[in-house]
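**Q** Quick one: sequence plus predicted model below, questions after.
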Amino acid sequence: MSKLYPLKFVPIYMERIWGGKMMGEKLNRTLPESKEPIGESWEIVDRSDAQSVVANGELQGMQLEELMKNFRAELLGPKGEMYQKFPLLVKIIDAGDRLSLQVHPDEATCAEIGGTAEPKTEMWYILGAEKHGKILAGLSSKATRTQLLAMMDKTEVENLLQIYNSNVGDGYFITSGTMHAIGAGNLILEIQQNSDTTYRISDWGRVDSNGNPRELHVDLGVKSVNFTNRTSPKIAGASDVKPYNRKFPYVKNCPFFDIEALHLVENWNDSTFNSRSFHLISATDTPIKVGNSDCMVDVAVGETVLIPYSFGAYTISPEVAEGSKSVVVKTTL
């Protein structure tokens with residue numbers, strides 16, 4: 001067996017003022033005691049201020065930065081040769097209240113801003129949604145820069161955005177420069193560039209338990225908004241069940257990642273060599289097993305397993321009853 005094998009990581013839970021309860025209720029996770037609600041779980045991360053730790057196998061306890069230092073080529077594959085850190089960050093977002101109205105800068109804006117600004121493009125897959133759940137993403141066709149500046153501190157600013165009802169299985173491709181807010185009642189799998197740069201344009205007048213508002217970054221945020229992009233970021237998921245395996249592209253030909261949804265009614269055979277990249281395999285609605293005859297790993301709903309490039313051929317085995325399907329999100333460089 002290759003030194004590297006399908007890797008699971010210990011979640012890093014983050015307190016957020018807007019956090020919810022769906023992570024515990026829908027994913028059956030035991031969350032740590034906290035003063036603020038748990039709003040995020042960083043599933044895979046390689047940053048100086050947050051490090052994923054291997055949860056399974058002989059490398060258990062090793063940090064992701066150590067894996068990158070010792071096994072970078074084997075882990076990432078030919079497409080990852082340029083990266084010193086693991087290039088993607090995987091999160092689960094549990095929104096009990098709506099998040100701030102925010103935007104992430106692109107590379108050109110980061111170069112202009114300087115400092116520690118990092119570009120971020122991301123994709124959301126909706127794991128769970130309450131009836132009132134909404135997604136606010138992208139400027140409406142009629143919104144102008146002047147209107148945005150005039151309405152920044154008003155709740156009516158949401159009228160300048162494209163607003164969607166939340167549906168399990170839908171995706172949203174949030175390119176850098178896209179103004180967005182995740183509404184209350186959403187449980188989301190987020191796959192993004194390895195960046196933690198977010199500019200809050202509005203926090204809807206929210207204050208913390210001490211009556212203090214969170215910091216806003218209006219000037220940087222407005223500078224980062226792409227006012228020419230009015231396309232819809234929504235990717236509608238297929239809800240029907242066919243008696244065979246299918247795959248649906250969610251993000252294709254993006255310079256940072258490719259993402260597809262696999263609708264499985266039986267085993268799915270794949271190989272990292274086909275895409276010249278590692279694979280991230282995320283279970284969204286049923287448990288799955290991932291691996292080969294030498295190493296098979298159980299993946300619970302909401303978990304993501306990293307298949308190193310050097311692992312090669314593998315199988316995804318979904319736990320599905322006859323007449324139903326398992327949806328798996330697959331990410332590559």
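**A** All right, it came through fine. A quick note: this is a predicted structure, and the numbers were derived from the prediction, not measured.

**Q** need the contact list for His180.
**A** Leu101, Gln102, Val103, Ile135, Leu136, Ala137, Gly138, Leu161, Tyr172, Ile174, Pro233 (Cβ atoms under 8 Å, 6 or more residues apart in numbering). (Glycine included, C-beta is placed from N, CA and C.)

**Q** Closest to Arg206 out of these?
**A** Leu101 (11.0 Å; Cβ to Cβ).

**Q** Of the contacts of His180, just say which sits nearest to Glu33.
**A** Among those, and counting by Cβ to Cβ, the member closest to Glu33 is Gln102, at 28.1 Å.

**Q** My read is that the closest one contacts Trp204, right?
**A** No: assessed by Cβ atoms under 8 Å, Gln102 is found out of contact with Trp204, at 11.3 Å.

**Q** Of these two, which one has the most company?
**A** Gln102 (20 against 16; other Cβ atoms under 10 Å).

**Q** So the more buried one versus Ile163, what's the distance?
**A** 16 Å (Cβ to Cβ, to the nearest Å).

**Q** same question, Leu136
**A** Taken as Cβ to Cβ, the span from Leu136 to Ile163 is 5 Å.

**Q** Of all the helix elements in the protein, which one is longest?
**A** helix 64-76 (DSSP state H).

**Q** That one: which residues count as buried?
**A** Neighbour-count burial for helix 64-76 flags Leu64, Glu65, Leu67, Met68, Phe71, Arg72, Glu74, Leu75, Leu76 (criterion: 16 or more other Cβ atoms under 10 Å).

**Q** Kindly reformat these as a markdown table containing distance to Thr286.
**A** A markdown table is the format used below for the buried residues of helix 64-76 (distance: Cβ to Cβ, whole Å):
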| residue | distance to Thr286 |
| --- | --- |
| Leu64 | 27 |
| Glu65 | 32 |
| Leu67 | 28 |
| Met68 | 31 |
| Phe71 | 31 |
| Arg72 | 33 |
| Glu74 | 30 |
| Leu75 | 27 |
| Leu76 | 29 |
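
**Q** Which two of these have the greatest separation?
**A** Glu65 and Glu74 (15.2 Å).

**Q** any chance you could map the helices in the stretch 51-200 of the chain?
**A** Here the stretch 51-200 of the chain has its helices, by DSSP state H, counting those that start in this stretch, at 64-76, 107-113, 145-151.

**Q** how far is the first one from where the chain is centred?
**A** Going back to what we said before, that points to helix 64-76. 21 Å (Cα atoms, centre = their mean, to the nearest Å).

**Q** Mind giving me the packing neighbours of that helix?
**A** strand 46-47 (3 or more Cβ pairs under 8 Å, 6 or more residues apart in numbering; DSSP states H and E).

**Q** Against which helices or strands is the strand it packs on packed?
**A** helix 64-76.

**Q** Send me the helix it packs on as PDB with only the CA atoms.
**A** The C-alpha trace of helix 64-76 is given here as PDB (Å, rounded to 0.1, in the frame of the first residue of the first chain):
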ATOM      1  CA  LEU A  64      -1.500  18.900   7.400                       C
ATOM      2  CA  GLU A  65       1.500  21.200   7.100                       C
ATOM      3  CA  GLU A  66       3.700  18.200   8.100                       C
ATOM      4  CA  LEU A  67       2.100  16.200   5.300                       C
ATOM      5  CA  MET A  68       2.700  19.000   2.900                       C
ATOM      6  CA  LYS A  69       6.300  19.200   4.000                       C
ATOM      7  CA  ASN A  70       7.100  15.500   3.800                       C
ATOM      8  CA  PHE A  71       4.700  14.200   1.000                       C
ATOM      9  CA  ARG A  72       3.700  17.200  -1.100                       C
ATOM     10  CA  ALA A  73       4.100  15.600  -4.500                       C
ATOM     11  CA  GLU A  74       2.400  12.400  -3.400                       C
ATOM     12  CA  LEU A  75      -0.400  14.300  -1.700                       C
ATOM     13  CA  LEU A  76      -1.200  16.900  -4.400                       C
END
